[in-house]
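Asks: take a look and give me a structure for this.
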Amino acid sequence: MNDNLHVVCPHCHTTNRLPRARLDQGAQCGQCKQALLEGRPFELTKAGFDRHLAKNDLPLVVDFWAPWCAPCRMMAPAYEEVATRLAPGVRLAKLDTEAEPEIAARFGIRSIPTLIAFKNGREVARRSGASDVSGLLGWIKASV
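Replies: Modelled structure (predicted):
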């Protein structure tokens, strides 16, 4: 097992090398000096989406959502809590399908919220519909 992980900064999208043993010690980005692993979902956009998929060694779960979607808004607090519980070993992100329709189309998003779990840049699981904390935790742990 490699002692270093590649972690993409949620702020500037720079790929950072981080010792695995220091994963939970408040690592900062070497470029922008902001926290790499904040324990909360971060926003993904077209600008950094592919980099986060291809250059991250940590599993990534993306919530495809929209601001007008009531089930998405209902699930948001549970998703926030799950991000806190799974940090720093799993990263959770959100992608606004209204702002980024090309990415939503690329992944065949037909209903929201849809969660996709990625590992090593590849989709490993998908789930549509809102869920509570225990449902999210169980699905993510089983998926990644």
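
Asks: and the one helix or strand E80 maps to, which residues are buried?
Replies: Assessed by DSSP states H and E, E80 sits inside helix 70-86. The neighbour-count check on helix 70-86 (16 or more other CB atoms under 10 Å) flags C72, M75, A76, A78, Y79, V82, A83, L86 as buried. All C-beta spots, glycine's among them, are computed from the backbone N, C-alpha and C.

Asks: include pLDDT and distance to E100 when you put those into TSV, please.
Replies: Formatted as TSV, those follow (pLDDT from 0 to 100; distance: CB to CB, whole Å):
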residue	pLDDT	distance to E100
C72	97	14
M75	98	19
A76	97	17
A78	98	22
Y79	98	18
V82	98	22
A83	97	20
L86	96	24
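
Asks: surely I112 touches P67?
Replies: No - counting by CB atoms under 8 Å, I112 stays clear of P67, with 10.5 Å between them.

Asks: who's more crowded, the two?
Replies: When I112 and P67 are compared on other CB atoms under 10 Å, the one with more neighbours turns out to be I112, at 22 against 10.
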